Structures are given as structure tokens and as C-alpha cells.
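A.B. asks: Just the structure for this:
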Amino acid sequence: MKIIRGTDCRTTAWKNGGGATTEIAVAPPGASLDDFDWRISTARVGSDGPFSEFAGIDRTLAVVEGDGLALSVGDTAPVVLDGISEPMRFPGDTPTLARLLAGEIVDLNVMTRRGRFAHRLCRIREATRCDFDGHDVALVVACSGRVELGLAQQRVILADRDTAVLTRVDDAPFGVAPAAAAICYLVLLRDLRDHAG
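C.D. replies: All right, here's what the predicted structure looks like:
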């Protein structure tokens, strides 16, 4: 298990001035936006506008702070996302427009390169056991509040914006126990190249 403290994550302002992105984890380590296999980040969105397009990328988005946004993907009707909505999955190479409902929001964004990795994103609201469900890597993201992780011989506390990275080979199974008011998400990643055929 690897712990990534929120204070160690790098934040980059958008060129258009409409927000900023904080990268939590990326694979391979040090990969750019052009060559990552998977990438987990948060973004502060301060104004309406189009999302950047990523060829060959699948995305899932969840709103973790603020009143929410309406997301228009391609020609489909806008979908409203807020703090209680299920995360929304969409292709990163389809034109996507975001409209804020009532001021700035923070979202959690998972991206995987199609054909290399697949992913799932779900909110953890109560104590849960994770056995990876056929996935290879799990990330527990404590967007806010206290989250306790339990492994066979270890207890770890995540605070605001901390993330734990676990692997099926070394860490299965593990428990996740968010505090009552915590906002906690679980990301599951599956290496499609290892499971081909």
C-alpha cells in the first residue's frame, strides 16, 4: 500500500483561467496527458465551458464539493451531477460542455486509456470490505473527512484529500470505514493487457 498525502499533490491552473487540476496519481509514474494508462485527479471548476478532449480515453466524473453542474456529452441532453449523484461515465474524446448550477465545484475525475485499462468509480458511504472484484489496483480517495483502512496487520488513517493506492497482489482484501460526514470514493482499475484472451 502506498499513501499519497493531499499536501504532496501538485495543482496546475488551467490555461483558460476557468479552474485548476490537482493530479493525485498517474500510471506509468511521471506520464504526461498524452501517454498515461490511467490518471486520477480532482479539479476546481470555476466557470462554464468545454472539457478538454482526450482521444482514446474513458472518463468517470463525480462532484465532491459545491452545488453541481450540468454535463452535456455530444448531442445528448444535459445530465445534472451533484454531491449525491452517481458518478457519470463518458468518452473523453466526445465534445463535452459543463455548466455550473450555482458557483464553483470540485470534481473527482478518473481516466483510463481504452484497450489498456478499465475502471469503476463508486462512493463509499459505510464500512465496506474490498476484495478487488477482478481488478488489479484500488485507490481509496478521502475527498474530505476521516477514512480508516484496515489490512491484515495494519490500520491506516486517511485525512482530507489523502489517497491510498493498493494492489490485489499485495493488499487484498482490505476494509474501508469512512467517518459519518466523510466523502470517500473507491477507484478500481483493471489492466486489460494482463487479462487478454
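
A.B. asks: Show me where this protein dips below the pLDDT cut-off.
C.D. replies: Within the chain, the ranges that satisfy pLDDT under 70 run 15, 196-197.

A.B. asks: show me where it has helices.
C.D. replies: If you assign secondary structure with DSSP state H, the helices in the chain sit at 168-171.

A.B. asks: Show me how the record splits it into domains.
C.D. replies: Described in terms of automatic domain parsing, the domain architecture of the chain consists of the residue ranges 2-113, 117-191.

A.B. asks: Columns mean neighbour count on top of those, output as CSV?
C.D. replies: C-beta: built from backbone N, CA, C; applies to glycine. As requested, the domains of the chain are exported to CSV (neighbours: other Cβ atoms under 10 Å):
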stretch, mean neighbour count
domain 2-113, 16
domain 117-191, 17
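
A.B. asks: Would you check that Arg116 makes contact with Leu192?
C.D. replies: Yes: in this structure, Arg116 is within contact of Leu192 by Cβ atoms under 8 Å, at 6.0 Å.

A.B. asks: what sits against Asp37?
C.D. replies: The contact partners of Asp37, by Cβ atoms under 8 Å, 6 or more residues apart in numbering, come to 27-28, 31, 112-113, 116-117.

A.B. asks: change it to 7 Å
C.D. replies: Applying Cβ atoms under 7 Å, 6 or more residues apart in numbering to Asp37 gives the contacts 27-28, 113, 116-117.

A.B. asks: Take those and keep only those in strands.
C.D. replies: Here DSSP state E is the test, and the contacts of Asp37 give 27, 113, 117 as lying in strands.
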